[in-house]
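J.: Return atomic coordinates for the entry below.
(one chain, ligands or ions: 3)
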Amino acid sequence: MSEAVLRRDTIVAIATAVVPQQGSVGIVRLSGDEAMAIAKRLFQAPGKQPWQTHRILYGTIRHPETSALVDEALLLLMVAPRSYTREDVVEFHCHGGMMVVQQVLQLCLEAGARLAHPGEFTLRAFLNGRIDLTQAESIADLVGAQSQAASQAALAGVQGRLAQPIRQLRDRCLDILAEIEARVDFEEDLPPLDEGTVVEDLAAVLREIEGIEATASQGELLRTGLKVVIVGRPNVGKSSLLNAWSRSDRAIVTDLPGTTRDVVESQLVVGGIPVQVLDTAGIRQTSDRIEQMGVERSRQALEAADLVLFVLDAGSGWTGEDEAIYQRVCDRPLITIWNKCDLVASPPSLPYPQSPILTAAAQQQGIEALEAAILEKANAQDIETANVDFCINQRQGAALTRAKSALERVQDTISAQLPLDFWTIDLREGIQALGEITGEEITESVLDRIFSRFCIGK
Ligand SMILES: Nc1nc2c(c(=O)[nH]1)N(C=O)[C@@H](CNc1ccc(C(=O)N[C@@H](CCC(=O)O)C(=O)O)cc1)CN2
Ligand SMILES: Nc1nc2c(ncn2[C@@H]2O[C@H](COP(=O)(O)OP(=O)(O)OP(=O)(O)O)[C@@H](O)[C@H]2O)c(=O)[nH]1
Ligand SMILES: [Mg+2]
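T.: Ligands and ions are numbered 1, 2, ... in the order given. You can find the predicted model right below:
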């Protein structure tokens, strides 16, 4: 890809949601050298409104040839480099809905702009040096955040809270490298290298890397959330549990076994973590064709689950059908639930060592205990209150791990008393890995992979 050429294109996209439930305002955004010229062809501002940066103009959008009216709109102008992309940016703030923004987009394309790729505005912000790669990734996380805690963590990333420490660590490694290389190049003129200091510095860098690595699981939880699947035999109260938990009538509940046929989804937040809960058809042998398909879907949902909630009926105690289901789920992360505890004085015993959660879903009881158990299983008791300063994603975690092992190899090289130029090989690799996190050293294919996860218009 000849990036230099692509970057000179003026790009355009709808920046606001393009879903059936529309907002009242829709934004079409242009970025690039031609943005202003294109805007001036399409937009007429009455009176003497100046086309100045960071000004809003009021006017009409018209077809440039036919002068047909397309919308009454506002136009926001941001002249390079004072813009999101550091290029000239023009935004049309139109009436919402599908049709107006689509037409404005079409006019911009006909006037010479190119449809932006997913993430291309943010890619330009990165390539033009306004943000680093961790900030760009955090912008995508912020847009996709499913809980307040997730959005707070992403915002910290947008503000550079991860970029800063990583850049500092890389700078410290570069300083060490400079010290060593000076000795390799001009051995005679310099005092001998203070090995002790180098060893200490490396150890300090490694400790900090380990601290940052420890946030990886939190970051992953906040970003992707948990997929929790409710399973159990028919009629134990799985759908009642989902309803009690989501405080809704999301799933149909009846006293007939085999009520739920399809997988019913609900999106919740538990202790700051986005949790997708799937209620499934009760698992049993059945000759009903529709119910068989439901049971098959239960199995598929089970495959994809991060955590299984295995629901049992306290009124009937442990049964052979429960045993059959248990065999299927016992090797998964599992929480066992005795439901309908209102029917018994004390819960029946389990044939395996686990302390069950006691609920009475029909009475909305036991949900707090269930949520606490989920957070404990996910090792995430305090994400909501921890005020996560930064979180790393998988890509960043992998690069940190590479940096760490490279720096550990430098330590080994030093203790093995190998010559100085051996030290620099691994040190450089560590520096390279740290640079990949912030994007100071990055390949085009990695960039493609990162930005293709963005939505169009971002
Ligand atoms: N209408 C609108 N709202 C939006 C955005 C946008 O692009 N358009 N944003 C984007 O998605 C976010 C805001 N982010 C932004 C970040 C930086 C700049 C910007 O112009 N930065 C200049 C400094 C400007 C100045 O100092 O005058 C820069 O950093 O160089 C603009 C928006 C959220 N809201
Ligand atoms: N006493 C009592 N009854 C409950 C409780 N939870 C659910 N039930 C009743 O149990 C019956 C079955 O509830 P559902 O939630 O439909 O059970 P299910 O596990 O989803 O059943 P299937 O979809 O058929 O697999 C209904 O009559 C509920 O009212 C509870 O905590 N206590
Ligand atoms: Mg059900």
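J.: from here on, contacts and neighbour counts on C-alpha atoms
T.: Noted.
J.: correct me, but Ala216 touches Val388?
T.: No. Look at Ala216 against Val388 with CA atoms under 8 Å: they stay out of range, at 11.3 Å.
J.: how about the helix or strand in which Glu179 is found as PDB, C-alpha atoms only?
T.: Assigned by DSSP states H and E, Glu179 belongs to helix 163-185. C-alpha atoms of helix 163-185 as PDB (Å, rounded to 0.1, in the frame of the first residue of the first chain):
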ATOM      1  CA  ALA A 163       1.700   5.700  26.800                       C
ATOM      2  CA  GLN A 164       3.600   7.700  29.500                       C
ATOM      3  CA  PRO A 165       5.100   4.900  31.500                       C
ATOM      4  CA  ILE A 166       5.800   2.800  28.500                       C
ATOM      5  CA  ARG A 167       7.700   5.700  26.800                       C
ATOM      6  CA  GLN A 168       9.600   6.300  30.000                       C
ATOM      7  CA  LEU A 169      10.600   2.600  30.300                       C
ATOM      8  CA  ARG A 170      11.800   2.700  26.700                       C
ATOM      9  CA  ASP A 171      13.800   5.900  27.300                       C
ATOM     10  CA  ARG A 172      15.500   4.300  30.300                       C
ATOM     11  CA  CYS A 173      16.400   1.300  28.100                       C
ATOM     12  CA  LEU A 174      17.700   3.700  25.400                       C
ATOM     13  CA  ASP A 175      19.900   5.500  28.100                       C
ATOM     14  CA  ILE A 176      21.300   2.100  29.100                       C
ATOM     15  CA  LEU A 177      22.000   1.200  25.500                       C
ATOM     16  CA  ALA A 178      23.800   4.500  24.900                       C
ATOM     17  CA  GLU A 179      26.000   3.900  27.900                       C
ATOM     18  CA  ILE A 180      26.900   0.500  26.700                       C
ATOM     19  CA  GLU A 181      27.400   1.500  23.000                       C
ATOM     20  CA  ALA A 182      29.700   4.300  24.000                       C
ATOM     21  CA  ARG A 183      32.000   1.700  25.600                       C
ATOM     22  CA  VAL A 184      31.800  -0.500  22.600                       C
ATOM     23  CA  ASP A 185      32.800   2.300  20.200                       C
END
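J.: Could you identify the helix or strand that succeeds it?
T.: Beyond helix 163-185 toward the C-terminal end (DSSP H and E), the next one is helix 195-213.
J.: three-state assignment of the nearest residue to Gln103 once chain neighbours are set aside?
T.: The shortest distance from Gln103 to any non-neighbouring residue, by CA to CA, 6 or more residues apart in numbering, is to Val70 (7.3 Å). Using DSSP: H, G, I helix; E, B strand; the rest coil, the structure places Val70 in strand.
J.: show me the contacts for Val70.
T.: Val70 makes contacts with Thr60, Ile61, Arg62, His63, Val100, Gln103, Val104, as judged by CA atoms under 8 Å, 6 or more residues apart in numbering.
J.: And the helix holding Glu179, what's buried?
T.: Buried positions in helix 163-185, judged by neighbour count with 16 or more other CA atoms under 10 Å: 163, 166-167, 169-170, 172-174, 176-177, 180-181, 183.
J.: what's the most distant pair in those?
T.: Ala163 and Arg183 (30.5 Å; CA to CA).
J.: now, which of the buried residues of helix 163-185 sits nearest ligand 1?
T.: Ala163 (15.9 Å; CA to the nearest ligand atom).
J.: From Ala403, how far out is that closest one?
T.: 15 Å (CA to CA, to the nearest Å).
J.: which ones are touching Gly77?
T.: In this structure residue 77 is Leu, not Gly. Trp51, Gln52, Thr53, His54, Arg55, Ile56, Asp88, Val89, Val90, Glu91 are the contacts of Leu77 under CA under 8 Å, 6+ apart.
J.: and the fourth one, what pLDDT?
T.: Okay, so that is His54. Listed pLDDT for His54 reads 97.
J.: That one and Leu76 touch, don't they?
T.: Yes. Using CA under 8 Å, His54 makes contact with Leu76 at a distance of 6.7 Å.
J.: Looking at these two, which is more packed in?
T.: Shown here are His54 and Leu76; by other CA atoms under 10 Å, Leu76 has more neighbours (20 against 14).
J.: which SS state does the more buried one fall under?
T.: strand.
J.: Quick one: residues contacting the residue nearest to it when sequence neighbours are not counted.
T.: Distance criterion CA to CA, 6+ apart; nearest residue to Leu76, sequence neighbours excluded, is Ile56 at 4.6 Å. Neighbouring residues of Ile56 by CA under 8 Å, 6+ apart: Leu74, Leu75, Leu76, Leu77.
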